[in-house]
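[1] One predicted model, sequence on top.
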Amino acid sequence: MGIKLYREPQLENPTLIASWPGIGNIGLIAVDTLRRVLEAEEFGEIEPWDFFYPKRVLIRDGDIKELEFPISKFYFKRTERQDLMFFVGEEQPTVAGRAYAEGRKAYEMANLVLDVAVRFGCKRVFTSGAAVAPVHHSVKPRVWAVPNSEALIDEIKGYGNTILMSGSEGRGGQGNITGLNGLLLGVAKKRGVDAICVMGEIPMYLQGFALPYPKASQSVVEVLASTLKIGVDMQWMAEMVERSEGEIQRFYESFPSEIREQLDRLVHLSYVVPSEPGPITEEDKKKILEDIDRFFGQGTKGD
């Protein structure tokens, strides 16, 4: 088990941006899009043997050639204003019956990611995921942010289209982030590295379904690009959002009309100041989710 580096790039105070799969793959799409658009170069990986089972066995000419595992790779990019490192994990190491990483393997992987970040002088880490919220898919998703240090709160308040997770939906300063996108913040805090998780809003009625939600990923990319002062061509992401909008709308229209009528009220709640009461109550939200579960015959999951 360990880290395999193919090269040692010379980086100056880089920022690490990391993500793993989650609800709507919001964080993963955002981070991987940034990596692709900036043409970041691969320079290392976390070896998979102690974290994952093989995804499949590759056979050629009747012989087993290799086992294929989920990738966990590092990339770098030097820009005029900011050197960047990226970490993209295809899967989270999980224990039986769990959707997201937790326990010893998750803690080991988080520390390996931080080992590489610290080795190259990284002082700031961003992770990204999903924020399940009472919003409608027709409106622009906001970004919820969680810092691992109180000193970062004022900085976050200056981000565009961003709210502190602790202040959303009347949470009373409380909240949690499941999986490695959250765990990495805690590991970074323990090791003296500033870290912030930025999460794009996804409508609560989409959280339990295997639909990517790049519209929220776009909001995350905009926040990261502005914060890091890097130029990003958003055309490729805009096209991805446009393609997904039609699929999501068709999915939405498959709901019974009485459910859609309830969900359409979320449009009016989407940009209500978090501390103010909105037209959808907690009982309303619970009923909506129960109706959707009954209609599709499945449960919902949290990020």
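    The structure has been received and is ready for your questions.
[2] max-length helix in the protein?
    helix 235-253 (DSSP state H).
[3] The nearest residue to residue 236 once chain neighbours are set aside: neighbour count?
    Leaving aside its sequence neighbours, residue 236 sits nearest to residue 37 (Cβ to Cβ, 6 or more residues apart in numbering; 6.4 Å). Bear in mind the C-beta positions are built from the backbone N, C-alpha and C, glycine included. By other Cβ atoms under 10 Å, 19 other residues sit near residue 37.
[4] right, and residue 37 touches residue 235 too?
    No: counting by Cβ atoms under 8 Å, residue 37 stays clear of residue 235, with 9.2 Å between them.
[5] quick one: low-confidence parts of the stretch 151-300 of the chain?
    167-175, 268-282, 284-285, 296-300 (pLDDT under 70).
[6] just the strands in it please.
    Listed in chain order, the strands of the stretch 151-300 of the chain (DSSP state E, counting those that start in this stretch) span 162-164, 194-203.
[7] Pick the most buried one from these.
    strand 194-203 (a mean of 26; mean count of other Cβ atoms under 10 Å).
[8] Can you list the helices and strands that that one packs against?
    The contact analysis (3 or more Cβ pairs under 8 Å, 6 or more residues apart in numbering; DSSP states H and E) places strand 194-203 against helix 26-37, strand 124-133, strand 143-147, helix 180-190, helix 214-228.
[9] let's go with 6 Å and repeat that
    Helices and strands touching strand 194-203, by 3 or more Cβ pairs under 6 Å, 6 or more residues apart in numbering; DSSP states H and E, are strand 124-133, strand 143-147, helix 180-190, helix 214-228.
[10] now the angle between helix 235-253 and it, please.
    40 degrees (axes from the mean of the first three to the mean of the last three Cα atoms, to 10 degrees).
[11] Alpha carbons only: can I get strand 194-203 in CSV?
    What follows is strand 194-203, C-alpha atoms only, in CSV (Å, rounded to 0.1, in the frame of the first residue of the first chain):
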residue,chain,number,x,y,z
ASP,A,194,-6.5,24.9,5.8
ALA,A,195,-9.3,23.2,4.0
ILE,A,196,-12.7,24.1,2.6
CYS,A,197,-15.4,21.9,1.2
VAL,A,198,-17.6,23.5,-1.5
MET,A,199,-20.8,21.8,-2.3
GLY,A,200,-23.3,22.5,-5.1
GLU,A,201,-27.0,22.4,-4.3
ILE,A,202,-29.0,19.5,-5.7
PRO,A,203,-32.8,19.3,-5.4
